[in-house]
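Engineer: A predicted structure for the sequence below; I have some questions about it.
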Amino acid sequence: MEQVLKLNNFLAENKETLLNRWFHLVLEAYPTESAKHFGNLKSQFGNPVGFNIYEGLGLIYDELLQSKVNEENMFKALDKILRIMAVQNVPPSQAVRFMFKLKNIVREAVKKELAAGKLVEDLLIFEDKIDQTVLLGFNIYLNCRETIYKIRLHEVKTRCDMLERINQYNN
Amino acid sequence: MSKLPKPNEMLRINYMPPKTGWQETPVDFRPGTFLYSGRPESLETVGLPNPRQWSPEDEDWKLPENWKEIILEGLRERLDKFRSLRIFMDTCVRCGACADKCHFYLGSGDPKNMPVLRAELLRSVYRKDFTTAGKIFGKFAGARELTVDVLKEWFYYFFQCTECRRCSVFCPYGLDTAEITMIARELLNLVGLNIDWVVTPVANCYMKGNHLGIQPHGLVDSFEMLCDDIYDITGIQLDISFNRKGAEVLYVPPSGDVFADPGTHGLMGQLMLLHETGLDYTLSTYNSEGGNFGLFTSHEMMKRLNAKIYAEAKRLGVKWILGGECGHMWRVIHQYMDTMNGPADFLEVPKSPITGTVFEHAKSTKMIHITEFTADLIKHNKIKLDPSRNDNYIVTFHDSCNPSRAMGLLEEPRYILKNVCNNFYEMPEDTIREKTFCCGSGAGLGADENMEMRLRGGFPRANAVKYVHEKHGVNMLACICAIDRASLPPLMHYWVPGVSVCGVHELVGNALVMKGEKKRESTLRFEPIGTEEDE
């Protein structure tokens, strides 16, 4: 248990660096010029994609440091990111890929300790949490796509109702 | 324009395969992102070329054999006709000021949604065939051959621009990129490439006077139904006239408000207000459309449809015209009408018979916006309002692109809202007024088949709504455009559940204390009303 705290302490102390590294890795999925724009966080409203992704990543990061992940909080944090990707022509496997990038970043950050046989158990526990998060991410992505289809269905239905009324009036 | 990469960026090894240049990246017509083609019958109705069954997903788009000649000749003709187009083609210096201002780019990250690159799709062809440098140096001068793939790219991206003109606000040269889209769409129309969500409303409007194809008797019935609802809510029976010669004013709302909620509630509010003021107005069953989808087709089509409003005004002998809560209608009136069909010398400069205000700014078009009329009434204390009836709503205002950017209608709707409700909060500065973000569905993009694209494009707007929703508890998004009222509800459903959409005059109708009305128990959408001050 003490060991878990050790990794968590390291992650908490280095949050800004690791979070920024993670953020820029996630943006690499976009075309170069766009990644540059999305990476500029000066304007919350001029760059909604970058800002929401950054905010979502931060919340996920914080939640992963908790001894027990609160599913509701994690859902909200993931939703911030996946809701965007679900309308950006990103397939589900690619959409949740950003969580695995955190694994790479953390492994890289503690590689010396790992080589010395330290923090291994902590890391396994931490990575288990990431895996759980990925599973939750699939639900959210699917939920978003279903919402899009429901909205579309509702639009079609509304139009049919309207045409029916117009036909009634026109007859 | 572009910053130098930092050392760590230069050292970063990219394992991803090299991406193709923009000229070599073909369009992927993925369902959810493109619009269906125009129905051949609709094209025939208005005499548009090459009517046929086809789909953007097909390999063969069934173009006329000499399609290339038609497009290039069309471009030549327009370059000669519109000096503005030649300036737009030659002037851009790639400063990048517009690049991150388009809502479709901000929502998608697709570089071809940067206004500069969207325009470049047309400019590259212009350079190849109309400039010496392009003819000689080809690709090195940014020129490229017009091919079927280029045409497909045009179709995809020029029907992915809502002509909102936000980018133009930031362009140091004031290039109107919406006009580039308009010209590109005109060219596409020459070879029969258009979308059903534009062409069928155009055909309906041309034949039946409105986008929805409601015939005169149907229109009368539908207005009567709205009056029945008003009677149930207020106990007051409205008497509406149609095609009445000699009325002082011709009132032209967008037809979407006649049939689709929440637009119907806003229209009810307008009818109640006009009744209460006793304005001598009439509606036309032959020109029952404020909107003008001709704007999204070609200059000629826009002119043909706009002419109907003025022909009706002349036939009925009215003095001036009052327009409803419509968006792009006002771009046509304010920026094109005067040189297309104007000046409307047979009409008088609009003068409110209730306040005596003369609307000098409409001296030539003789047409004013309903919010100008209502704001003037409130300013002169001519109507009684009980804003507490809207206390269930915490309201924000979405500036519709065309009324804000094309006619500068910024204060009137806000002035009205502040008088008809007690809880009003603005969205952040960079997302309102002339910098407003588009709903993502204007210029004919409000279909259902491209819902994913609409949600992408609408994200910057929704993001700002979400901010005031979380900060102030905003639950009502007011607007003055029929397309907004149709497209913002699904946008809110996806991004900001818990926020409804209404027309400004729906809130006016709720707050309006009418002479002889019964105790109001419900809002115009038949929901329990907020508190009443006389209770």
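Structural biologist: Sure thing, it's come through.

Engineer: and A:Asn139, how many neighbours does it have?
Structural biologist: As a burial measure, A:Asn139 scores 12 neighbours (other Cβ atoms under 10 Å in any protein chain shown). (C-beta placed from N, C-alpha, C; glycine too.)

Engineer: helix/strand/coil for it?
Structural biologist: In three-state terms, and counting by DSSP: H, G, I helix; E, B strand; the rest coil, A:Asn139 is helix.

Engineer: repeat for B:Thr374
Structural biologist: Applying three-state DSSP: B:Thr374 is helix.

Engineer: that one and B:Leu273 touch, don't they?
Structural biologist: Yes - counting by Cβ atoms under 8 Å, B:Thr374 touches B:Leu273, with 6.3 Å between them.

Engineer: which one's more surrounded, these two?
Structural biologist: Neighbours per residue, other Cβ under 10 Å: of B:Thr374 and B:Leu273, the larger number sits with B:Thr374, 27 against 20.

Engineer: which stretches of chain B have low pLDDT?
Structural biologist: Along chain B, the parts satisfying pLDDT under 70 run over B:1-19, B:531-535.

Engineer: can you list residues touching both of B:Thr374 and B:Leu273?
Structural biologist: Counting by Cβ atoms under 8 Å, 6 or more residues apart in numbering or on different chains, the common neighbours of B:Thr374 and B:Leu273 are B:505, B:508.

Engineer: for B:Trp160, which non-adjacent residue is spatially closest?
Structural biologist: Residue B:160: Gln, not Trp. Distances taken as Cβ to Cβ, 6 or more residues apart in numbering or on different chains place B:Phe104 nearest to B:Gln160, at 5.9 Å, with adjacent residues excluded.

Engineer: over to B:Asp229?
Structural biologist: That would be B:Met268: by Cβ to Cβ, 6+ apart, it lies 6.4 Å from B:Asp229.

Engineer: and the one you found, which helix or strand is it part of?
Structural biologist: helix B:263-277 (DSSP states H and E).

Engineer: given the helix or strand following that helix, what are its sheet partners and their directions?
Structural biologist: For helix B:263-277, the following helix or strand on the C-terminal side (DSSP H and E) is strand B:281-282. If you go by DSSP bridges, strand B:281-282 pairs up with strand B:249-252 (parallel).

Engineer: which strands and helices sit next to whatever helix or strand comes next after the partner strand?
Structural biologist: Downstream of strand B:249-252, the next assigned helix or strand under DSSP H and E is helix B:256-259. Here helix B:256-259 touches helix A:120-170, helix B:216-234, helix B:263-277, helix B:482-495, going by 3 or more Cβ pairs under 8 Å, 6 or more residues apart in numbering or on different chains; DSSP states H and E.

Engineer: got JSON lines for those helices, with distance to B:Phe158 too?
Structural biologist: As requested, those are arranged in JSON lines below (distance: least, Cβ to Cβ, whole Å):
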{"stretch": "helix A:120-170", "distance to B:Phe158": "23"}
{"stretch": "helix B:216-234", "distance to B:Phe158": "33"}
{"stretch": "helix B:263-277", "distance to B:Phe158": "27"}
{"stretch": "helix B:482-495", "distance to B:Phe158": "18"}
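
Engineer: quick one: which of these is nearest B:Glu426?
Structural biologist: helix B:482-495 (16.7 Å; Cβ to Cβ).

Engineer: is any part of the closest one close to chain A?
Structural biologist: Yes - contact of helix B:482-495 with chain A (Cβ under 8 Å from any Cβ of the partner chain) involves B:490, B:493-495.

Engineer: the residue in chain B that chain A sits nearest to - nearest residue in space that isn't next to it in sequence?
Structural biologist: The minimum distance from chain B to chain A, using Cβ to the nearest Cβ, falls at B:Gly218 (3.2 Å). Leaving aside its chain neighbours, B:Gly218 sits nearest to A:Tyr169 (3.2 Å; criterion: Cβ to Cβ, 6+ apart).

Engineer: checking B:Gln160 next. Helix, strand or coil?
Structural biologist: Under three-state DSSP, B:Gln160 comes out as coil.

Engineer: next, it: phi, psi?
Structural biologist: Dihedral pair for B:Gln160: phi -130, psi 20, per degrees, to the nearest 10.

Engineer: which ones are touching it?
Structural biologist: B:33, B:104, B:113, B:445, B:453, B:457.

Engineer: ok, A:Tyr141 next?
Structural biologist: A:82, A:85-86, A:92, A:95-96.

Engineer: what packs against the host helix or strand of the residue nearest to B:Gln160?
Structural biologist: Element membership of B:Phe104 [criterion: DSSP H and E] is helix B:103-108. Counting contacts by 3+ Cβ pairs under 8 Å, 6+ apart, helix B:103-108 is packed against helix A:48-64, helix B:451-457, helix B:459-472.

Engineer: reformat these as TSV; add mean neighbour count and distance to A:Met74.
Structural biologist: Shown next, in TSV, are the helices and strands packed on helix B:103-108 (neighbours: other Cβ atoms under 10 Å in any protein chain shown; distance: least, Cβ to Cβ, whole Å):
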stretch	mean neighbour count	distance to A:Met74
helix A:48-64	21	5
helix B:451-457	27	23
helix B:459-472	22	19
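
Engineer: could those go into CSV alongside distance to A:Arg159?
Structural biologist: Listed next are those as CSV, based on distance: least, Cβ to Cβ, whole Å:
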stretch, distance to A:Arg159
helix A:48-64, 29
helix B:451-457, 13
helix B:459-472, 22
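
Engineer: mind checking the ones you listed for the one nearest to B:Leu79?
Structural biologist: Per Cβ to Cβ, nearest to B:Leu79 of these: helix B:451-457, 29.5 Å.

Engineer: export that closest one as CSV, just CAs?
Structural biologist: Output of helix B:451-457 as CSV, limited to C-alpha atoms (Å, rounded to 0.1, in the frame of the first residue of the first chain):
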residue,chain,number,x,y,z
MET,B,451,-25.9,15.2,-38.5
GLU,B,452,-22.4,14.3,-37.4
MET,B,453,-21.0,17.2,-39.4
ARG,B,454,-23.6,19.6,-38.0
LEU,B,455,-22.7,18.5,-34.5
ARG,B,456,-19.0,19.1,-35.2
GLY,B,457,-19.6,22.5,-36.7
